[in-house]
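> Pasted the sequence and its predicted model underneath.
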Amino acid sequence: MRRCLPIAFPGFLGLACALGLAVLSPGSARAAIVADLSSNRVTIQSNFTGTDVLLFGTVEPSSAAFQSGATLDVVAVVRGPRADIVARLKKPVFGLWLNAESRTFRRVPSYLAILSTRPIADFLKPATAKAAGFALREALPPPVEGNGTGEFRDAVVRLKRDAGLWLERSDGVRLITPSLFRATIPIPANVPLGMFEVEASLYAGDTRLGQWVLPLEVVKAGFEEQVASAAHTQPLLYGLGSAGLAILIGWLASAAFRRE
């Protein structure tokens, strides 16, 4: 039996195409949710101050959950590229604050947004929400080694939240109609580059009825992208050019402020 695959197209045309695929596919009853993004690509330039990406979608009217009249909820999770994080604890030693202990957390999402139609605790059991990773603290895997990790985990979550890279919004997904929903994904100015994953899940109570996964790419564009590309593809020329530019700027500065 064929299954409807989550194919991403830009804009509302993408949602219409996805809906058509879901309806025409013999296995469309399994695809209880269909979603798309207003843009699958965010470009970063020197004047970038942040932006929003719209996630929109629909609940299949032919799905059993929709026809039963059950209360439906949508949870949208956005995860950025994963990287290792080292959390260090400083302690005063002879009047100086020095690193005393550290914990390493592997493959932590550099960006994480958890958006839902209402507080997740109102419709999911704690065990279900924990297994799905619907909490910022649960996004951190166990550290590589060491005990007493509570303060380290809290510190990482706090720093990520303060930087605007991790967030939870219990009203982040809005049901426009019983079958249509939308969510605004904030992209801060300090967003990391790379491939993101946008995951929209449909729940009826504690039961997940369907899921739709979309890619989102954050890249540099313009002059910044050319400089970054040259630094990686032609490091020798990039180094010589940087050194030459520094010498030129130094010479111009000395000539401008030279005393007669």
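Nice, thanks for sending it over. Numbers count the residues shown, from 1 in each chain.

> ok, for Gln211, nearest residue in space, not its chain neighbours?
Using Cβ to Cβ, 6 or more residues apart in numbering and skipping the chain neighbours, the partner closest in space to Gln211 is Ser201 (4.8 Å). C-beta: built from backbone N, CA, C; applies to glycine.

> A helix includes that neighbour, no?
No - per DSSP: H, G, I helix; E, B strand; the rest coil, Ser201 lies outside any helix segment and is strand.

> does the residue nearest to Lys130 when sequence neighbours are not counted sit in a helix, a strand or a coil?
Closest residue in space to Lys130, ignoring its immediate chain neighbours: Glu138 at 5.5 Å, by Cβ to Cβ, 6+ apart. Three-state call for Glu138 (three-state DSSP): helix.

> burial of Glu138, as a residue count?
Applying other Cβ atoms under 10 Å, we find 15 residues neighbouring Glu138.

> quick one, strands of the stretch 51-200 of the chain?
51-59, 72-79, 82-93, 96-109, 112-116, 166-169, 173-175, 180-187, 194-204 (DSSP state E, counting those that start in this stretch).

> Please enumerate the helices of the stretch 101-250 of the chain.
All helices of the stretch 101-250 of the chain, identified by DSSP state H, counting those that start in this stretch, fall at 126-132, 150-162, 223-233, 235-256.

> Compare those and say which comes out lowest on pLDDT.
Between the helices of the stretch 101-250 of the chain, the one with the least mean pLDDT is helix 223-233; it has a mean of 68.

> any idea how far Leu140 is from Leu159?
The gap separating Leu159 from Leu140 is 12 Å, by Cβ to Cβ, to the nearest Å.

> Specify which residue of these two has the higher count of neighbours.
Each of Leu159 and Leu140 has its neighbours counted (other Cβ under 10 Å); Leu140 has more, 22 against 13.

> what does the domain assignment say about the chain?
Here the domain parsing of the chain from automatic domain parsing is 11-221, 222-260.

> Count the residues that sit near the residue nearest to Val53 when sequence neighbours are not counted.
Leaving aside its chain neighbours, Val53 sits nearest to Ile185 (4.4 Å; criterion: Cβ to Cβ, 6+ apart). Neighbour count of Ile185, defined by other Cβ under 10 Å: 22.

> so who does Ile185 touch?
Asp52, Val53, Leu54, Leu55, Ala76, Val78, Ala113, Leu115, Val198, Leu216 (Cβ atoms under 8 Å, 6 or more residues apart in numbering).

> got it, and Pro192?
When contacts are counted by Cβ under 8 Å, 6+ apart, Pro192 touches Gly80, Pro81, Ser110, Tyr111, Leu165, Val218.

> just Ala231 next, same as before
Contact partners of Ala231, counting by Cβ under 8 Å, 6+ apart, are Tyr238.

> Surely the residue nearest to Gln211 is in contact with Val213?
No - in this structure Ser201 lies outside contact range of Val213 using Cβ atoms under 8 Å: 9.5 Å.

> the more surrounded of those two?
Ranked by neighbour count (other Cβ under 10 Å), Ser201 and Val213 place Ser201 first, with 20 against 13.

> Who is the more buried one paired with across the strands?
Applying DSSP bridges to Ser201 yields these beta-bridge partners: Val75, Gln211.

> Many thanks, we can stop here.
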